[in-house]
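Participant: next come a sequence and a model predicted from it.
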Amino acid sequence: MTVAICPGTFDPITCGHLDIISRACKYFDRFIVGVAANPFKQPLFTLEERTHMLEKATAGLTNVEVTAFDTLLIDFARKVGATAIVKGLRAISDFEYEFQMAQINQAMDEEVETFFVMANPEYTFISSSAVREVASYGGAIKGLVPENLELELVEMFARKFGKLKKGAV
Ligand code: COA
């Protein structure tokens, strides 16, 4: 059985993340989306909120599971029996960082291979921080985040930023 992990902070999940997950999951038997606690990034959304968003966004993908983790990625991979790490690449600017991460992970366990999936050009401009910034000003996040999460996310952002602007979806 082939098991892969697709890790990230997902603060929040975007259409770009969902594109990578839905395209890559077809090539593995079990596809585990790993939601990183990532205290270094001080995420806006709690681990529970980010996990919930991932579960809702991937509900239609039968071999996809969502699990939170707060360890080294490679330890999480060993724990769930994954031999593949799947990451998305949007632009050359992503490459240097991702290359370094893949090498660190390979140095820690050469049995776990990192696979890169090229982002769909439609989504290369999207990032979680851009979504957070747009939402913080009450801008529309439609088309940036998974469709079945749009309304809920607008409400969640409103709670975080203390305002809910008209036309935010
Ligand atoms: N579409 C849209 N956005 C994407 C994307 C895609 N396909 N792929 C990445 N991104 C964006 C994210 O939205 C995020 O944007 P932001 O910085 O503007 O918010 C950015 O890329 C970084 O994504 P993030 O999910 O934070 O991933 P990361 O590359 O920083 O790594 C982990 C996150 C969980 C994989 C990494 O921190 C980790 O492995 N942590 C565990 C500890 C560990 O083992 N560290 C390695 C050894 S030092």
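Facilitator: Happy to help now that I have it. All values derive from a computational prediction rather than experimental measurement.

Participant: CA only for contacts and neighbour counts going forward, please
Facilitator: Noted.

Participant: which residue, other than its chain neighbours, is closest to Val35?
Facilitator: Ala68 (4.4 Å; CA to CA, 6 or more residues apart in numbering).

Participant: got a list of contacts for stretch 83-100?
Facilitator: 2-7, 17, 20, 24, 77, 111-121, 124-125 (CA atoms under 8 Å, 6 or more residues apart in numbering).

Participant: buried stuff in the least confident helix or strand in the chain by mean pLDDT?
Facilitator: The least trusted helix or strand in the chain, going by mean pLDDT, DSSP states H and E, turns out to be helix 150-161, with a mean of 92. Going by neighbour count (16 or more other CA atoms under 10 Å), the buried part of helix 150-161 is Glu150, Leu153, Val154, Glu155, Phe157, Ala158.

Participant: pipe those into JSON lines and attach distance to Thr83 per row.
Facilitator: Formatted as JSON lines, the buried residues of helix 150-161 follow (distance: CA to CA, whole Å):
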{"residue": "Glu150", "distance to Thr83": "33"}
{"residue": "Leu153", "distance to Thr83": "33"}
{"residue": "Val154", "distance to Thr83": "36"}
{"residue": "Glu155", "distance to Thr83": "38"}
{"residue": "Phe157", "distance to Thr83": "36"}
{"residue": "Ala158", "distance to Thr83": "39"}
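
Participant: quick one, helices of this protein?
Facilitator: Secondary structure of the chain by DSSP state H: the helices cover 15-24, 47-57, 73-80, 92-108, 128-136, 150-161.
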